[in-house]
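# Show me the folded form of this:
(one chain, ligands or ions: 2)
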Amino acid sequence: MISIAVPKGRLFEESIDYLYSRGILPEKFEEGRRLTITAGEINLLLVKPFDVPVYVENGAADLGVCGYDVYWERKPDVYRLLDLGIGVCRISVAGKPESKEKYFNSFYLKLATKYQNIAKSFFSKRGVKVDLINLSGSVELAPIIGLADFILDLVQTGRTLKENGLVEIEEVGKSSAWLICNRASFRNKSSCIKELIDRLS
Ligand SMILES: Nc1ncnc2c1ncn2[C@@H]1O[C@H](COP(=O)(O)OP(=O)(O)OP(=O)(O)O)[C@@H](O)[C@H]1O
Ligand SMILES: O=P(O)(O)OC[C@H]1O[C@H](OP(=O)(O)OP(=O)(O)O)[C@H](O)[C@@H]1O
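Numbers count the residues shown, from 1 in each chain. Ligands and ions are numbered 1, 2, ... in the order given. Presented below is the predicted three-dimensional model:
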């Protein structure tokens, strides 16, 4: 039996489609209220996206589908095996159009994000001090109401920024979903996991 932690929400359907199209799952499953789904030798655990690395690192799941954004933020002690090419987006700093100049000329920025660690390391390398506001969603609201001047968040189409009168100022990195693996499972279930990776890649 191989257990895979799959993120609920935005990445769920793409993850299921991906696993189904590679013959790992015998059918497509809808996201409902169930938290586990067993299909043949695969046991799916449906968890919050930020919790995927927690389940995998602790061995509660052998494998996980994890956004690179989450991996980068959490830095779990797991193997990162394969870029699945889903959930593709970038991690960027954004703000009001008129704040652009301030962003590039200040040594002190007030920034809202749920990616606290990414923001800290990005700005400390640059020698810029940041006052970080920790938000877990709807981050684009922060510059509009003056809670922060800037945000660091995911951008894909740019629609959310546009609809809120914000602009992308600087790309910090790219993200897509990766298959991550528990270190002990990689040793103990090596043949199963290698076969699975062959089918996925
Ligand atoms: N606009 C986007 N385009 C592409 N991928 C995205 C986008 N937004 C998020 N993702 C990817 O999907 C993952 C899950 O995003 P989602 O919005 O479902 O989670 P969340 O906001 O962390 O969770 P929750 O809403 O349950 O607190 C992200 O970690 C990222 O890897
Ligand atoms: O560039 P776009 O295509 O508009 O995508 C970007 C948006 O997608 C994500 O939000 P999500 O919908 O996951 O909601 P959230 O605010 O709860 O994180 C992200 O946080 C941005 O707000």
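
# helices and strands around the longest strand seen in the chain, which ones?
In the chain, assigned by DSSP state E, the strand with the most residues is strand 167-175. If you count contacts as 3 or more C-beta pairs under 8 Å, 6 or more residues apart in numbering; DSSP states H and E, strand 167-175 packs onto helix 68-74, strand 89-95, helix 100-105, helix 116-125, strand 150-155. Where you see a C-beta, it was placed from the backbone N, CA and C, and this is true even at glycine.

# Any chance you could give me the next helix-or-strand element following the last one in PDB, C-alpha atoms only?
Next in sequence after strand 150-155, counting helices and strands by DSSP states H and E, comes helix 159-163. As requested, C-alpha coordinates have been extracted for helix 159-163 and formatted as PDB (Å, rounded to 0.1, in the frame of the first residue of the first chain):
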ATOM      1  CA  ARG A 159      -6.500  38.600 -12.900                       C
ATOM      2  CA  THR A 160      -6.700  38.900  -9.100                       C
ATOM      3  CA  LEU A 161      -4.200  41.700  -9.100                       C
ATOM      4  CA  LYS A 162      -5.800  43.500 -12.000                       C
ATOM      5  CA  GLU A 163      -9.300  43.300 -10.500                       C
END
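
# Okay, angle between the longest strand of the chain and strand 150-155 too, please.
What separates the directions of strand 167-175 and strand 150-155 is an angle of 50 degrees, with axes from the mean of the first three to the mean of the last three C-alpha atoms, to 10 degrees.

# now stretch 94-110, how far from the chain's geometric center?
25 Å (C-alpha atoms, centre = their mean, to the nearest Å).

# Can you name the residues that contact the residue nearest to the spatial centre of the chain?
When C-alpha atoms, centre = their mean is applied to the chain, the residue found nearest the centroid is Gly67 (3.0 Å). Neighbour list for Gly67: 7, 11, 49, 87, 175-178 [criterion: C-beta atoms under 8 Å, 6 or more residues apart in numbering].
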